[in-house]
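In: pasting the structure only:
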């Protein structure tokens, strides 16, 4: 809500030059701009994946090196689900400008 209220119709806010900025983007697809289906596709996939990850966290609860990263992934997925259910898309606003990535002829800026 902070990002929508503060960054709507605003230019990017530089935090660490062009490397780290706050830029409001509404993402209707998946990670890194993928679009494998509509919002319903991502809702269904997340409703399947989140419980599986929670079960894995429970099974490996003594392996902190595994549990913490999985817990952060689950927390992000839950936040994305809430955005999709509430407003129909995910609100992204943390903008890291790494180098260009080319994977299997897929270009990511």
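Out: Structure received. These numbers were taken from a predicted model, which means no experiment stands behind them. Numbering: from 1, shown residues only.
In: where exactly do the helices run in the protein?
Out: Secondary structure of the chain (DSSP state H): helices at 2-7, 39-59, 64-87.
In: format those as CSV; extra columns: mean neighbour count and distance to residue 28.
Out: Using the backbone N, CA and C atoms, a C-beta is placed for each residue, glycine as well. Compiled in CSV, the helices of the chain are given as follows (neighbours: other Cβ atoms under 10 Å; distance: least, Cβ to Cβ, whole Å):
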stretch, mean neighbour count, distance to residue 28
helix 2-7, 12, 15
helix 39-59, 13, 6
helix 64-87, 13, 9
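In: could you identify which of these has the lowest mean pLDDT?
Out: Within the helices of the chain, confidence is poorest for helix 2-7, with a mean of 90 (mean pLDDT).
In: quick one: it to chain centroid distance?
Out: 17 Å (Cα atoms, centre = their mean, to the nearest Å).
In: likewise stretch 21-35?
Out: For stretch 21-35, the distance to the chain centre is 7 Å (Cα atoms, centre = their mean).
In: neighbouring contacts of it?
Out: Contacts to stretch 21-35, defined as Cβ atoms under 8 Å, 6 or more residues apart in numbering, come from residues 3-4, 7-8, 10, 12-15, 36, 38-39, 42, 88-95, 97, 108.
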